[in-house]
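S.K.: prediction below, plus the sequence it came from.
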Amino acid sequence: MDLGKSPEPARGEGCLVVAIRVPVRIVVLVLVLVLVLVLVVPVRMVGDALVAGGRFLNDAVFRPVGRALLWAGRAVFVWPFVGLWRHVLVPLGRVLGWLGKVLVVLPAVALYRHVLTPLGRAAVWTYARVLTPLGHACAAAGAAVRAGLALLARHLVVLPSAWTYRWILTPLGHAGVWCGKGLLWGVTAIATVIGAGLYWTARVLLVLPALAVRRWVLVPAGRVLGVVVREIGAALGHAWRVAGYVSLAVGRFLGTLLRWTFVEPARWVYRGVLTPVGHAVRAAVLRPAAEAGRRAGRATRQALASARVTARQVRADIRRVLVGGPGTPAPNGDQGEEPVREVRRVSEGRNLLTKG
């Protein structure tokens, strides 16, 4: 709305419309300010809050719930029907198809081939050799009878009817048509005169006053109302846009306030307090505990390895005591040297123990 424009009359607008426009714009400007402060800004802020809440609910609640419901629907409805179709209905359909072929199709083919085909051939022979000659004879007799009946009908019905139509009914019809045309012309003339009188009466009493009221009352009032409604609509549009700017500013203010009230202190606590405490705990407690655990694991593994070696030696000694281990004499024949023990595998020892 520009109040500085010169009040020049636009095309199709009269001086009354131009004179009303400036006061209307002033009143509408005041109403816009009142609406922005009282009604539009809270409505716009509530609307923006609802939109943000709806987006959050859509991202955090509705989409996961929808995906869960979709998976549950597939698990409850789709997959059982797929399994039923694949593992029950398809094999059952194949069995029923085989049964239908064996019980219905093959007997029907045999019936058609060995019963119906011979019967059809017999019927064709009967039609060609018996019924066709009989039909030809009946057709010849019917043609003779029809010709006789046509001759009788021509001389007894057609010729008298034609004479009656030409010399009696036609003159009577012409006379009736001429009388009807005269009567129709008279009725048409009377109706034309009455219609012209009613037309001019309605035009003078109804149409001309209605045109005058439309031209001199309704059109100016409509233009004035159009200007008022247009200005009010433009004012509401400006109010809605101004409320959007106000709502955006309030939202940014609240976001900044939330950031400096909660986010930045939490970040400072995390960086300045929790991170050094975590590093100290990791250096003083977790790393020594992990090193002690690794040392205990290495000691345990070494103890288990030594226990396995001791167990193998004990098994070898028991096997040597029970079975005996042949010694290998030295090549130079010296009896003072100990014989070399032959190393045997566990499987060979088991085979020796199980022999005999």
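M.R.: Ah, there it is.
S.K.: which element is the residue nearest in space to the middle of the chain on?
M.R.: Ranked by distance to the mean C-alpha position of the chain (CA atoms, centre = their mean), the top residue is L70 at 13.4 Å. Using DSSP states H and E, L70 sits in helix 63-73.
S.K.: buried ones in the helix or strand following that helix?
M.R.: Once helix 63-73 ends, the next helix or strand along the chain (criterion: DSSP H and E) is helix 79-84. Within helix 79-84, no residue is scored as buried using 16 or more other CB atoms under 10 Å. Where you see a C-beta, it was placed from the backbone N, CA and C, and this is true even at glycine.
S.K.: also stretch 243-250?
M.R.: Per 16+ other CB under 10 Å, stretch 243-250 contains these buried residues: 243-244, 246-247.
S.K.: among these, name the ones in helices.
M.R.: Under the assignment DSSP state H, these contribute 243-244, 246-247 to helices.
S.K.: identify the farthest-apart pair in those.
M.R.: G244 and V246 (7.3 Å; CB to CB).
S.K.: touching both of the two, which residues are there?
M.R.: The contact sets of G244 and V246 overlap at R44 (CB atoms under 8 Å, 6 or more residues apart in numbering).
S.K.: and the strands in the protein?
M.R.: Using DSSP state E, the strands found in the chain span residues 327-328, 340-341.
S.K.: where does the protein have low pLDDT?
M.R.: 1-22, 24-25, 32, 35-37, 324-356 (pLDDT under 70).
S.K.: please redo it, this time with the cut-off set to 80
M.R.: Counting by pLDDT under 80, the chain shows low-confidence ranges at 1-45, 235, 238-239, 319, 322-356.
S.K.: identify each buried residue in stretch 174-185, please.
M.R.: For stretch 174-185, it's none, nothing buried (16+ other CB under 10 Å).
S.K.: now stretch 222-240
M.R.: Neighbour-count burial for stretch 222-240, counted by 16+ other CB under 10 Å, picks out 223-224, 227, 231, 235, 238-239.
S.K.: next step: the residues you listed restricted to helices.
M.R.: Using DSSP H, the buried residues of stretch 222-240 in helices are 223-224, 227, 231, 235, 238-239.
S.K.: dump those residues to CSV, plus distance to F56.
M.R.: Converted to CSV, those look like this (distance: CB to CB, whole Å):
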residue, distance to F56
R223, 49
V224, 48
V227, 44
E231, 39
A235, 34
H238, 30
A239, 28
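S.K.: pick the one among those residues closest to G83.
M.R.: When these are compared against G83 (criterion: CB to CB), the nearest one is A239, at 61.5 Å.
S.K.: how close does that closest one sit to A52?
M.R.: According to CB to CB, to the nearest Å, A239 and A52 sit 22 Å apart.
S.K.: before we move on, what about H114?
M.R.: Taking CB to CB, one finds H114 at 83 Å from A52.
S.K.: try V228
M.R.: For V228, the distance to A52 - CB to CB - is 36 Å.
S.K.: same check, this time on G233
M.R.: 28 Å.
S.K.: L172 now?
M.R.: 94 Å.
S.K.: and for V28, the neighbour number?
M.R.: As a burial measure, V28 scores 21 neighbours (other CB atoms under 10 Å).
S.K.: ok, for it, nearest residue in space, not its chain neighbours?
M.R.: Closest residue to V28 apart from its sequence neighbours, by CB to CB, 6 or more residues apart in numbering: A235 at 4.4 Å.
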